[in-house]
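Trainee: following is a predicted model, sequence given first.
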Amino acid sequence: MSARRGPRRAEDRVKGLLVMLPWLMQRKEVAISDMARQFNISESDLIEDLELAAMCGTPPYTPLELTEVYIDEGIIYVGRNKHFERRLELSSSEAFGLSLLAAAAEDIPGFKRRKELTSAVEKLRKVLGNGIVDIDTESPAFLQAVTEAAASGERLTITYWTPADNVEKVRTVTVRSVFTDRGHWYITADDDLSGSQRHFRVDRIRNVEATGEFVAVETVNNHVPAWFSDASDKSKVVLEVSPAAAWAVETYPCTVLEERLDGSFRVEMVINSEHWLGRLLLRGEGNISVVAPDSVVNLLQRTATDVLNRYANKSGN
């Protein structure tokens with residue numbers, strides 16, 4: 001804010017006030033000479049800007065909405081103003097949170113304002129400094145293809161792996177929407193194989209082929225479905241989850257029955273098959289155990305034995 005010849009631009013004056021007012025609010029009162037020196041501005045320009053600030057506010061123009069500032073015998077006094085109670089700068093934690101959102105936005109298929117986003121991220125890096133981290137968000141191989149199909153109405157033939165029975169099936173689908181939940185991308189699609197609308201996780205799609213057939217694109221409200229909202233025909237299990245496996249509670253739909261101070265959980269979860277639950281228990285590496293029902297309490301041991309037997313048979317061949 002060094003002095004320059006000629007009238008100062010309104011933009012420069014406003015930018016200066018946005019920096020100076022929070023600083024002044026923290027001190028309540030300060031000498032004109034000290035503040036002018038702090039911001040490298042002439043005393044006359046400083047007084048002119050503060051007079052401008054005193055006339056600015058928002059409806060209904062009550063004292064709390066206006067900047068209460070006055071000068072007496074060379075001292076600047078300022079009252080409370082909710083708009084300038086803290087400096088208008090990002091803290092490191094705020095900048096980090098924005099960097100997470102920016103990284104996710106860059107991976108959204110069809111996102112068109114990458115240039116502006118890149119510029120904003122560079123500014124965030126200046127705030128974070130050495131604390132910057134690279135965010136790796138999931139971007140499945142066929143995310144772009146299914147997104148384009150949802151926009152164009154082209155039907156797709158996909159090869160989809162179902163973890164419940166560990167098989168891959170070829171099905172023709174009409175993608176209606178693409179959404180993300182709990183760190184994974186999904187599609188809502190009309191599925192010819194089942195004859196109904198289904199949700200498919202994009203990272204489980206093994207292959208995509210365009211059919212050349214097009215249908216009318218429907219306007220669909222993108223929303224996260226209530227997973228297993230009708231689970232009357234599905235099995236439920238009660239699990240003990242240690243802090244080391246808290247990722248399971250965050251990743252899969254479940255009802256938390258108890259959350260303990262040590263970070264462990266007791267949860268109820270809907271499962272499609274014992275095969276899927278067995279794989280989850282193996283991934284838990286002993287940090288997830290079944291409490292009920294009794295029929296699957298020893299599922300981890302059975303699954304581990306089955307895996308070892310398969311490995312032994314392959315090694316023997």
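Mentor: Structure's in. What do you need?

Trainee: tell me how many other residues crowd residue 37.
Mentor: Look at residue 37: counted by other C-beta atoms under 10 Å, it has 12 neighbours. The C-beta positions use only the backbone N, C-alpha and C, and glycine is treated the same way.

Trainee: repeat that for residue 73.
Mentor: 6.

Trainee: phi, psi for it please.
Mentor: Reported as degrees, to the nearest 10, the phi and psi values for residue 73 are phi 50, psi 50.

Trainee: can you name the residues that contact residue 187?
Mentor: Going by C-beta atoms under 8 Å, 6 or more residues apart in numbering, residue 187 touches 146, 150, 173, 175-179, 199-200, 202.

Trainee: helix or strand right after the helix or strand containing it?
Mentor: Assigned by DSSP states H and E, residue 187 falls within strand 184-191. For strand 184-191, the following helix or strand on the C-terminal side (DSSP H and E) is strand 196-201.

Trainee: contacts for that next one?
Mentor: Contacts to strand 196-201, defined as C-beta under 8 Å, 6+ apart, come from residues 158, 160, 173, 176, 184-191, 225.

Trainee: 6 Å instead, please
Mentor: Strand 196-201 is touched from outside by 160, 184, 186-188, 190-191, with contacts defined as C-beta atoms under 6 Å, 6 or more residues apart in numbering.

Trainee: lowest pLDDT pick from the contacts of residue 187?
Mentor: Least confident of the contacts of residue 187 in the model: residue 179, at 81.

Trainee: report the buried residues of stretch 177-186.
Mentor: Under the neighbour-count criterion of 16 or more other C-beta atoms under 10 Å, stretch 177-186 has 177-178, 180, 185-186 buried.

Trainee: measure that stretch end to end?
Mentor: One end of stretch 177-186 to the other measures 8 Å (C-alpha to C-alpha, to the nearest Å).

Trainee: could you point out which element follows the helix or strand hosting residue 36?
Mentor: In the assignment (DSSP H and E), residue 36 maps to helix 32-38. Once the chain leaves helix 32-38, the next helix or strand it forms, by DSSP H and E, is helix 43-54.

Trainee: low-confidence ranges in the stretch 101-250 of the chain?
Mentor: For the stretch 101-250 of the chain, applying pLDDT under 70 flags the ranges 101-138, 163-165, 182-183, 219-234.

Trainee: show me where it has strands.
Mentor: Residue ranges of the strands in the stretch 101-250 of the chain, as given by DSSP state E, counting those that start in this stretch, are 154-162, 167-181, 184-191, 196-201, 205-214, 235-241.

Trainee: how about these in a markdown table, adding distance to residue 31?
Mentor: A markdown table is the format used below for the strands of the stretch 101-250 of the chain (distance: least, C-beta to C-beta, whole Å):
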| stretch | distance to residue 31 |
| --- | --- |
| strand 154-162 | 71 |
| strand 167-181 | 55 |
| strand 184-191 | 59 |
| strand 196-201 | 64 |
| strand 205-214 | 68 |
| strand 235-241 | 61 |
